[in-house]
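Trainee: build me a model:
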Amino acid sequence: MTSLLVFKERLKEFYVKFGAYINPVIRFCFSLLTFFLMNHSVGFSSQLTRTYVPFALAAICAFLPYGAIAFIAGVCLLIHLWGVSLEITMVTAVFFLVVGLLYYGFQPGDGYLLLLTPVLFLLKIPYAVPLLAGLSGSVLSVIPVSCGVVIYYIIIYVKQNAGVLTNELSPDIMQRFIQVVNGLFATKEIVMMMAAFAAALLIVILIKNLSIDYSWIIAIVAGTIVELAVIFVGDITADITVPVLELIIGIMVSLVVAAVYTFFVFAVDYSRTEYVQFEDDDYYYYVKAVPKLTVSRPDVKVQKINTRKLQKPQR
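Mentor: Now for the predicted structure:
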């Protein structure tokens, strides 16, 4: 444990010293992963699937905020969808517009969740999203997480129905729009995952803010249980099939990711908790003080020994 704490302190010092260079690298890697996964899933635009394009876009995104990265990724997704169907492109564009109007006008700080949610879905570990969003965000984080779920299922819908969407023979454009909307938003699995993620995120936020020992750990466990409960209810009542092995692996990996995040962000020593009470003219104050779990960096000194002085004089 001590070695982990030492590593954490060294990592924090390294980040403080080189944060101006580390943040662009993180944004570059995250953007590159996003564009590669997008091209792999819905790579219908030959211009965007060229090898150098994801690297070029990621290099630009490295110096932009996450909200701008989400905007660029959304434009790229629309270009890919344009190569499949005008109707699915228009429906997705309207959805993006509604997301921008409803969310970015109020709290644009969680824009990265719009990208992180479909990315983790494509990596088969989506259950970490509500845990991380609940630990680091607010109640409004439900909006980008839910929208990220919809974006993922748009990608899956287009990937599975590309042939049908491309060869649509119906002359009535309104009929085609209705078919696309029904195919996208009438899926029970979307509603189930949105409900599971929203419920887990709210539970995590509620419990982590309680004045109890190990609140973050309890919040992670409770959020995971809520996720599983909603998924099982959906599996039983709505006849939604969820791969059991994939679910178990995803949950286990999500727990590990949330535990690592907690260690680096909220590592405290509850054994040294102190309770302080004081007052002023208007209020009584009851304060619970929990010290952070830290360790001093070991100061290693190397002493050089002059071997000449140790040599015996020759006779």
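Trainee: for Val84, see how far away the residue positioned nearest the centre of the chain is.
Mentor: Nearest to the mean C-alpha position of the chain, by CA atoms, centre = their mean, lies Leu116 at 4.0 Å. Leu116 sits 25 Å away from Val84 when distances are taken as CB to CB, to the nearest Å. Placement of C-beta: from N, CA and C, glycine included.
Trainee: and Ile251, by the same measure?
Mentor: 33 Å.
Trainee: more neighbours: those two, which one.
Mentor: Val84 (21 against 18; other CB atoms under 10 Å).
Trainee: that one contacts Leu165, correct?
Mentor: Yes. Val84 lies in contact with Leu165 (CB atoms under 8 Å); the separation is 5.1 Å.
Trainee: identify the contacts common to the two.
Mentor: Here Val84 and Leu165 have Val158 as joint contacts, going by CB atoms under 8 Å, 6 or more residues apart in numbering.
Trainee: what are the ranges of the helices in the chain?
Mentor: Here the chain has its helices, by DSSP state H, at 2-42, 52-61, 66-82, 86-99, 112-122, 128-136, 142-160, 162-166, 173-185, 188-208, 215-237, 244-265, 307-310.
Trainee: where in the stretch 1-150 of the chain is pLDDT low?
Mentor: Along the stretch 1-150 of the chain, the model assigns pLDDT under 70 to residues 1, 103-109.
Trainee: which residues sit against stretch 35-55?
Mentor: Stretch 35-55 is contacted by residues 32, 57-58, 73, 76-77, 79-84, 118-119, 122-123, 155-156, 158-159, 162 when judged by CB under 8 Å, 6+ apart.
Trainee: give me the neighbour count for the closest residue to Leu122 other than its chain neighbours.
Mentor: Residue nearest to Leu122 in three dimensions, not counting chain neighbours: Leu37, with 4.8 Å by CB to CB, 6 or more residues apart in numbering. Leu37 has 18 neighbouring residues, counting by other CB under 10 Å.
Trainee: what's the distance between Leu37 and Val287?
Mentor: Taking CB to CB as the measure, Leu37 falls 46 Å from Val287.
Trainee: I'd say Lys8 and Val265 touch.
Mentor: No. Lys8 is beyond contact range of Val265, at 10.2 Å (criterion: CB under 8 Å).
Trainee: name the nearest residue to the residue nearest to the centre of the chain, sequence neighbours excluded.
Mentor: Per CB to CB, 6+ apart, closest to Leu116 is Val129, 6.3 Å.
Trainee: residues in contact with the one you found?
Mentor: Taking CB under 8 Å, 6+ apart, we find Val129 in contact with 113, 116-117, 120, 145, 148, 197.
Trainee: repeat that with 10 Å
Mentor: 113, 116-121, 141, 144-145, 148-149, 197, 200-201, 227, 254, 257 (CB atoms under 10 Å, 6 or more residues apart in numbering).
Trainee: and if you look at Ile220?
Mentor: Each residue near Ile220 by CB under 10 Å, 6+ apart is listed here: 128, 131-132, 134-135, 200, 204, 207-208, 214, 254-255, 257-259, 261-262.
Trainee: now which of those would you call buried?
Mentor: Applying 16 or more other CB atoms under 10 Å to these, the neighbour count classes 128, 131-132, 134-135, 200, 204, 207-208, 254-255, 257-258, 261-262 as buried.
Trainee: for the residue nearest to Leu122, give its distance to Ser45.
Mentor: For Leu37, the distance to Ser45 equals 15 Å [CB to CB].
Trainee: same deal with Leu86?
Mentor: Between Leu86 and Ser45 the computed distance is 14 Å (CB to CB).
Trainee: what about those two, which has more around it?
Mentor: Ranked by neighbour count (other CB under 10 Å), Leu86 and Ser45 place Ser45 first, with 19 against 15.
Trainee: what's the nearest residue to Leu247 if we skip its chain neighbours?
Mentor: Leaving out its chain neighbours, the residue that sits closest to Leu247 by CB to CB, 6+ apart is Ile231, at 7.1 Å.
Trainee: then Leu57?
Mentor: Distance criterion CB to CB, 6+ apart; nearest residue to Leu57, sequence neighbours excluded, is Phe35 at 5.6 Å.
Trainee: related to what we said a few turns ago, contact partners for the residue nearest to the centre of the chain?
Mentor: For Leu116, the contacting residues are 30, 34, 66, 70, 110, 126, 128-129, 132-133, 144-145, 148, by CB under 10 Å, 6+ apart.
Trainee: kind regards, and thank you for your time.
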